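# mind folding the following:
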Amino acid sequence: MTKNLRETIFRESVRLWREKGYENVSMRDIAAACNIGTGNLTYYFPKKDDILMYYHDKVMDYAEDQIAHMDNELSGLSGYFAVEYTFMYYIVFYVNELYKQVINVPALRMRYYVQHHKLYKQFTQKNLDRADWAATVAMCNMEYGLTDVDILEGEFDTVMEKILETRFIMDKRKPSGWKDALSEGMKLGKQMVTRIQQDPPDLIL
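The predicted structure is shown next:
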């Protein structure tokens, strides 16, 4: 029941956000749509931002899981680039309007940076420092800006490659072979995108 109610809250929230806009929907509105009290709602999701990040994490988990189960699984930088590519494809082509509603919410931007920074650490196993954090922020900010003006929709592969390259533009300690890793990651990401197009995941389309 707990899992079902969490999913009901999640789905009703997304429905309301699409109808009214993220900023125009309150926690009280979400609770009413789910026929529960606000106290019950905040037990599962203390803040509205938490529901949106739950969506973010579902998409990222899906991308990681699908990459991990492909025959030519990649790790390290290649795997990282593949997951970021797959994640952004889903965001841009399936939930773009919702994404654009919230990319200017400061608290959400910070949480987004943190999650993608963790992803980079997970795949590279590096002890990350301030320069690595700056690279994550630069990459995410470029992604935000280009998504907001609909550039990614028209030239996804070309623009996504430039976004991923941004991680190393200002990094004087570029890992050797990073361009080859980017090429391999893009290739694997494109294979995953083909699967998404043929059989979209049930993550609220």
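# switch to C-alpha atoms for all contacts and neighbour counts from now on
Noted.
# show me where the protein has helices.
2-20, 27-33, 38-44, 48-68, 76-94, 96-102, 106-124, 130-148, 151-154, 156-169, 178-198 (DSSP state H).
# most packed of these?
The highest average neighbour count among those, using mean count of other C-alpha atoms under 10 Å, belongs to helix 76-94 at a mean of 22.
# contacts for that one next, please.
59-60, 63-64, 67, 73, 99, 119-120, 123-125, 147, 152-153, 156, 160, 164, 178, 181-190, 192-193, 205 (C-alpha atoms under 8 Å, 6 or more residues apart in numbering).
# that helix versus helix 106-124: what angle between them?
Going by axes from the mean of the first three to the mean of the last three C-alpha atoms, to 10 degrees, helix 76-94 is angled at 140 degrees with respect to helix 106-124.
# ok now helix 76-94, how far from the chain's centre?
8 Å (C-alpha atoms, centre = their mean, to the nearest Å).
# cool, stretch 88-98 as well?
9 Å.
# likewise for stretch 153-173?
Distance, centroid of stretch 153-173 to centroid of chain: 16 Å (C-alpha atoms, centre = their mean).
# only C-alpha atoms, please: export it in CSV.
What follows is stretch 153-173, C-alpha atoms only, in CSV (Å, rounded to 0.1, in the frame of the first residue of the first chain):
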residue,chain,number,x,y,z
GLU,A,153,15.1,19.2,-29.6
GLY,A,154,16.3,20.1,-33.1
GLU,A,155,19.9,18.9,-33.0
PHE,A,156,20.0,16.6,-30.0
ASP,A,157,23.1,14.5,-30.9
THR,A,158,25.3,17.5,-31.9
VAL,A,159,24.3,19.7,-29.0
MET,A,160,24.4,16.9,-26.4
GLU,A,161,28.0,16.1,-27.4
LYS,A,162,28.9,19.8,-26.8
ILE,A,163,27.2,19.7,-23.5
LEU,A,164,29.1,16.6,-22.3
GLU,A,165,32.4,18.1,-23.6
THR,A,166,31.7,21.1,-21.3
ARG,A,167,32.8,19.0,-18.3
PHE,A,168,36.4,19.1,-19.5
ILE,A,169,36.6,22.5,-21.2
MET,A,170,38.0,24.3,-18.1
ASP,A,171,39.7,21.2,-16.5
LYS,A,172,43.5,21.3,-16.9
ARG,A,173,43.6,17.7,-15.6
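# quick one: contacts of it?
81, 85, 89, 92-93, 131-132, 135-136, 138-139, 142-143, 147, 151-152, 174, 182, 186.
# change it to 7 Å
Tyr85, Val92, Ala135, Thr136, Ala138, Met139, Met142, Glu143, Leu152, Lys174 (C-alpha atoms under 7 Å, 6 or more residues apart in numbering).
# quick one: low-confidence ranges for this structure?
1-3, 70-74, 170, 172, 204-205 (pLDDT under 70).
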